[in-house]
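Chemist: after the sequence you'll find the predicted model.
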Amino acid sequence: MDIKKQKSTLRKNDMYWGYLFIAPTLLGLLIFYIFPVFQTFFYSFNDWGDFGSYSWSGLENYEEMFANPEIWDSFRNTLIYAFVMVPISIAISIIVAVLLNQKIKGLTFYRTLFFLPVVTMPAAIGMIWKWLYNADYGIINHILGWFSIPGPDWLTDPNWVLISIIIVGTWGAIGTNMVILLSGLQGIPKSLYEAASLDGAGPTYSFFKITLPLLSPTIFFVAVISFISAFQVFDFIFMMVSPTNPAIDSAQSVIYLFYHYAFVIGEKGIAAAIAFVLFLVILVLTILQFRLQKRWVHYE
């Protein structure tokens, strides 16, 4: 009986120390992530006045939000951005990761080069690309002029502004995705490639039959975090497209519109409703991804 009591005491002590170690992380999660969700949900049912005063308004914020065409345009822009940028960035990241997983000269230099956008401030990236996209003296249109190709108004033409932002988002996402995918590639046993080579398999066959299936869990993880990040795009739009830009309606995302309502015109109730609806959209999309991953993700 004494031995059982000692084991029970040790188990309780282990649980105590375990909870103690995760307490800071758990506390931060509750304060900065979980509590704001419920707080935003409450705010979305209120009209906010000056000096923090508010009054209950029921569903008026949601009714006004869904009746506003600007909201639907922002969701459309965000959906297009996410579902175009994420697949392209993941595809390019896989190719880059596979190339950087080879034994080539200057490997560390190339890895650092592709990772640089990750450690660069989004505001700085936006300013640089805004200069590159300039229709009059930007480098991109200058290079196109060498080939007698008329350069478009990248950031002021409604037909091009979202494409321009997608290009910047793709460029900025490759570094993070590449590092994560590279770690997944290094976890694939080399013996599988050696066995496939002995059986006469070429690089293309090995890539599609060995690399992609075994890399699918990592690709799935990258896809989940990429979609979550894409639905929250704001920095590039804020820095590259001014509020007076004629193409702003074709560029603004849901988060940009949230910023406009919350901090520009002071409609915090509608802003909270926008944020909560976006949270639900991201939640549903993430659940859908987890459901569909059973069809293409291979864990063994």
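Modeler: Okay, I see it. Numbering: from 1, shown residues only.

Chemist: break this protein down into its domains, please.
Modeler: When the chain is parsed with automatic domain parsing, its domains come out as 2-43, 68-296.

Chemist: export those to a markdown table and tack on distance to Gly58?
Modeler: C-beta: built from backbone N, CA, C; applies to glycine. As requested, the domains of the chain are exported to a markdown table (distance: least, Cβ to Cβ, whole Å):
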| stretch | distance to Gly58 |
| --- | --- |
| domain 2-43 | 12 |
| domain 68-296 | 11 |
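
Chemist: could you single out the most deeply buried of these?
Modeler: Comparing the domains of the chain by mean neighbour count (mean count of other Cβ atoms under 10 Å), domain 68-296 ranks first with a mean of 16.

Chemist: endpoint to endpoint, that domain covers what distance?
Modeler: Using Cα to Cα, to the nearest Å, the end-to-end distance of domain 68-296 comes to 39 Å.

Chemist: residues contacting the residue lying closest to Phe115 once chain neighbours are set aside?
Modeler: Nearest non-adjacent residue to Phe115, counting by Cβ to Cβ, 6 or more residues apart in numbering: Gly175, 4.3 Å away. Listed by Cβ atoms under 8 Å, 6 or more residues apart in numbering, the contact set of Gly175 reads Phe114, Phe115, Leu116, Pro117, Val118.

Chemist: test my guess that the second one contacts Ile180.
Modeler: This means Phe115. No. Taking contacts as Cβ atoms under 8 Å, Phe115 lies outside contact range of Ile180: 11.2 Å.

Chemist: and the one helix or strand Arg76 maps to, what does it pack onto?
Modeler: Per DSSP states H and E, Arg76 falls inside helix 69-100. Helix 69-100 sits against helix 107-119, helix 161-185, helix 212-230, helix 254-259, with contacts defined as 3 or more Cβ pairs under 8 Å, 6 or more residues apart in numbering; DSSP states H and E.

Chemist: next, the angle from the second one to helix 107-119.
Modeler: When axes from the mean of the first three to the mean of the last three Cα atoms, to 10 degrees is applied, the directions of helix 161-185 and helix 107-119 differ by 130 degrees.
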